[in-house]
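Trainee: Sequence and computational prediction follow.
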Amino acid sequence: MTSVQECFQELRSRGECALIPFITAGDPDLATTAKALKILDKNGANLIELGVPYSDPLADGPVIQAAATRALQKGVVLEDVLDVVKTVKPEVRSPIILFTYYNPIYHQGIEKFLNKIANAGVKGLVVPDLPLEESQSLIQSASEKDIEVTLLVAPTSPKERIEAIAKASCGFIYLVSVTGVTGMRMEIENRVKDLLSSLRQVTDKPIGVGFGIREAQQAKQIKEWGANAVIVGSAFVKRLADNPSEEGLKAIGELCHSLKQGIA
């Protein structure tokens, strides 16, 4: 499993856009999560975001919120999620990026939390409720453990803030395509093109676009606008929720393949 940065460097050398699927750990169960990570890896994923279930996921839409609630009701905790990462690490090529909110990190303590996820084999970290002004200590400590903390740029961010976030973010920059929470949308807003252009003026780091992407045509549009990665979450989570069996795993494999073909 390479680092996030190394993965993007390899893709860039081939002129390839990355596909980053997201799933919620523990929904419908941890065994399915382990199988899903392997299936995504084999069907075109370049990196994978793994969501840690959290009781108050402010950035997540109803599909992912519901998945997190179901996982929490089954007692899934961070240690369970990391056990899954350890289990699949020998078989998964794609770097795993942990998606978690800051409260669990604060509760455990930054060093303890980072040691745990580093030992499990996590390569990246996205913390959607961590503001830029409070991110430096986490970014610094994480980098010492070869974990790259990726920051989010909101559509409403002023130019000065966009530049500061781009400078601080590691691995890549996570551009949020909509104002609001995650979730599937019928159309991607045209201003994403302008946001990508604005970001490109201030950084040469890879840019991943997420929130609202649900199908290959949308992914293709994002790539054509200049993104280095397409991030898709709710569409995968919904397929696993609607078919909590082998059918669900088959469905996410097919979606992953379709999305990757769309940006090939």
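Mentor: Cool, the structure landed.
Trainee: can you map out the helices along the stretch 151-264 of the chain?
Mentor: Taking DSSP state H, counting those that start in this stretch to define them, one finds helices in the stretch 151-264 of the chain at 159-168, 191-200, 216-224, 234-242, 246-262.
Trainee: tell me the most buried of those helices?
Mentor: helix 234-242 (a mean of 22; mean count of other Cβ atoms under 10 Å). Quick note: C-beta positions are derived from backbone N, CA and C, even for glycine.
Trainee: quick one: it to helix 216-224, angle?
Mentor: Going by axes from the mean of the first three to the mean of the last three Cα atoms, to 10 degrees, helix 234-242 is angled at 150 degrees with respect to helix 216-224.
Trainee: for helix 234-242, packing partners?
Mentor: Judged by 3 or more Cβ pairs under 8 Å, 6 or more residues apart in numbering; DSSP states H and E, helix 234-242 is in contact with strand 18-24, helix 30-42, helix 62-73, helix 246-262.
Trainee: 7 Å instead, please
Mentor: Packing partners of helix 234-242 (3 or more Cβ pairs under 7 Å, 6 or more residues apart in numbering; DSSP states H and E): strand 18-24, helix 62-73, helix 246-262.
Trainee: Could I get the average pLDDT for that helix?
Mentor: Per-residue pLDDT values over helix 234-242 give a mean of 95.
Trainee: That helix: how far from the chain's middle?
Mentor: Counting by Cα atoms, centre = their mean, to the nearest Å, helix 234-242 is centred 15 Å from the centre of its parent chain.
Trainee: Can you tell me what sits against it?
Mentor: 21-24, 27-28, 32, 36, 61, 63-64, 67, 182-184, 214, 248, 251-252, 255 (Cβ atoms under 7 Å, 6 or more residues apart in numbering).
Trainee: Can you pull the phi/psi pair for the residue nearest to the spatial centre of the chain?
Mentor: The structure's the chain has its C-alpha centroid closest to Glu49; by Cα atoms, centre = their mean the separation is 3.5 Å. Dihedral angles of Glu49 (phi, psi; degrees, to the nearest 10) stand at phi -90, psi 130.
Trainee: Same check on Gln201?
Mentor: Per degrees, to the nearest 10, the backbone of Gln201 is at phi -70, psi -20.
Trainee: And the pLDDT for it?
Mentor: At Gln201, pLDDT is 91.
Trainee: Please report phi then psi for Asp80.
Mentor: Dihedral angles for Asp80 - degrees, to the nearest 10 - are phi -60, psi -40.
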